[in-house]
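**Q** make a model of this:
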Amino acid sequence: ARRRGKKREDFCQYGHQCSLLRSCQVRYGWILYSSIKEMTEQAMRLDVNAIIGVDLDYETIGDSMLMVSANGTGVVLE
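**A** Next comes the predicted model:
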């Protein structure tokens with residue numbers, strides 16, 4: 001799989017094009033996926049086996065960028 005640059009994983013940048021809405025929705029889905037994947041990988045490095053209280057947040061930056069973050073609490077279930 002081709003790895004995209006960090007900026008593309010973290011932000012959805014959209015321009016003034018006909019396919020603006022569809023293009024941004026596709027990238028937004030990828031951004032959500034990569035945010036959750038990164039959170040899961042960090043949890044695995046901490047040797048936890050579950051994440052509870054997952055929160056997905058987004059924030060717009062100006063009129064052309066969207067930032068997404070995922071966070072949760074890692075726990076060990078026995």
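**Q** okay, now the unreliable bits of the protein?
**A** Applying pLDDT under 70 to the chain flags the ranges 1-26, 64.
**Q** ok, longest helix in it?
**A** Longest helix in the chain by number of residues, with DSSP state H as the criterion: helix 20-45.
**Q** mind giving me the packing neighbours of the next helix or strand after it?
**A** Next helix or strand after helix 20-45 toward the C-terminus (DSSP states H and E): strand 50-61. Secondary-structure packing of strand 50-61 (3 or more CB pairs under 8 Å, 6 or more residues apart in numbering; DSSP states H and E): helix 20-45, strand 65-75. The way it works is simple: take the backbone N, C-alpha and C, and place the C-beta from them, glycine included.
**Q** what's the closest of those to G53?
**A** Distances from G53 to each of the helices and strands packed on strand 50-61 were compared using CB to CB; the minimum, 5.0 Å, belongs to strand 65-75.
**Q** now the closest one: buried residues?
**A** Within strand 65-75, the residues that count as buried by 16 or more other CB atoms under 10 Å are 66, 68, 70, 72, 74.
**Q** stretch 33-41 now?
**A** In stretch 33-41, the ones that count as buried by 16+ other CB under 10 Å are 34-36, 39-40.
**Q** who touches the spatially closest residue to A43 that is not a sequence neighbour in this structure?
**A** Counting by CB to CB, 6 or more residues apart in numbering, G74 is the residue found nearest to A43 once chain neighbours are left out, at 4.4 Å. With contacts taken as CB atoms under 8 Å, 6 or more residues apart in numbering, G74 has the following neighbours: 43, 46, 48, 50-51.
**Q** filter those residues down to the buried ones.
**A** Buried residues within the contacts of G74, defined by neighbour count using 16+ other CB under 10 Å: 43, 48, 51.
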